[in-house]
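Participant: could you look at this predicted model? Sequence included:
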Amino acid sequence: MIRSKHILIILIIATTISGCGIYNFTGGDVGSAKTFQVPYFQNYASQNPGSTFEPGMDRDFTLALQDLILNQTSLNLVSSNGDLLYEGEIVEYRISPMSATAQQTAAQNRLSIGVNVRFFNNTKKDVDFEQRFSFFYDYPANSQFSSVKDEAHQVIFERITQDIFNKSLADW
């Protein structure tokens, strides 16, 4: 009975602190910002040697970044004049062999995606940045890429968007 009272007290304190904006459990600090803006990331991957153009990447990545920020902050998404602005472009989309078999064929392939991001905080100027974020997904070479593409995109998008969030708001 005493243990459940302690747990209840801890939950009430944690909820109060989180609700007051003192601390949130995602680690994000939005400061005085109330809104954010994420224009569509253009897909310039085909301009990078060895990269290919994947249709729909610009839409899918932009939506993934918007969803992450909406889910981890109390910010509202706007289409212009946001307190926080994330803009950029997809600069790499490459499938390359990672290891070979004794028969000189690929045993494993890697999908790599790179995104260049510019972040502007209109409420706090000294935290603006421009940085490239990238991640990869390895899969067996005997698998058709189309069968792993959705999972690969999900894994890579989760990592890149979380890295962007951490760099811009978590200050890690």
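Facilitator: Great, that's in hand.
Participant: when you work out contacts or count neighbours from here on, use the C-alpha atoms and nothing else.
Facilitator: OK.
Participant: the helix or strand that contains residue 107 packs against which elements?
Facilitator: Assigned by DSSP states H and E, residue 107 belongs to strand 106-121. On a contact count with 3 or more CA pairs under 8 Å, 6 or more residues apart in numbering; DSSP states H and E, strand 106-121 meets strand 84-100, strand 129-140, helix 145-165.
Participant: need those in JSON lines (columns: mean pLDDT).
Facilitator: JSON lines is the format used below for the helices and strands packed on strand 106-121 (pLDDT from 0 to 100):
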{"stretch": "strand 84-100", "mean pLDDT": "93"}
{"stretch": "strand 129-140", "mean pLDDT": "96"}
{"stretch": "helix 145-165", "mean pLDDT": "96"}
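Participant: out of the ones you listed, which is closest to residue 46?
Facilitator: Residue 46 lies closest to strand 84-100 among these, at 7.5 Å (CA to CA).
Participant: what does that closest one contact?
Facilitator: For strand 84-100, contacts defined as CA atoms under 8 Å, 6 or more residues apart in numbering pick out 33, 35-48, 50-54, 58, 106-123, 141.
Participant: buried residues of stretch 44-51, list them for me.
Facilitator: Across stretch 44-51, burial judged by 16 or more other CA atoms under 10 Å covers 44, 45, 46, 51.
Participant: give me the low-pLDDT residue ranges for this structure?
Facilitator: The chain contains residues with pLDDT under 70 at 1-2, 6-27, 171-172.
Participant: could you redo the last one with a cut-off of 80?
Facilitator: By pLDDT under 80, the low-scoring segments of the chain are 1-28, 100-106, 171-172.
Participant: contact partners for residue 113?
Facilitator: Contacts for residue 113 (CA under 8 Å, 6+ apart) come out as 90, 91, 92, 93, 94, 134, 135, 136, 156.
Participant: which residue packs closest to it, ignoring adjacent ones?
Facilitator: Spatial nearest neighbour of residue 113, excluding adjacent residues (CA to CA, 6 or more residues apart in numbering): residue 93 at 4.7 Å.
Participant: any idea how far that neighbour is from residue 130?
Facilitator: 19 Å (CA to CA, to the nearest Å).
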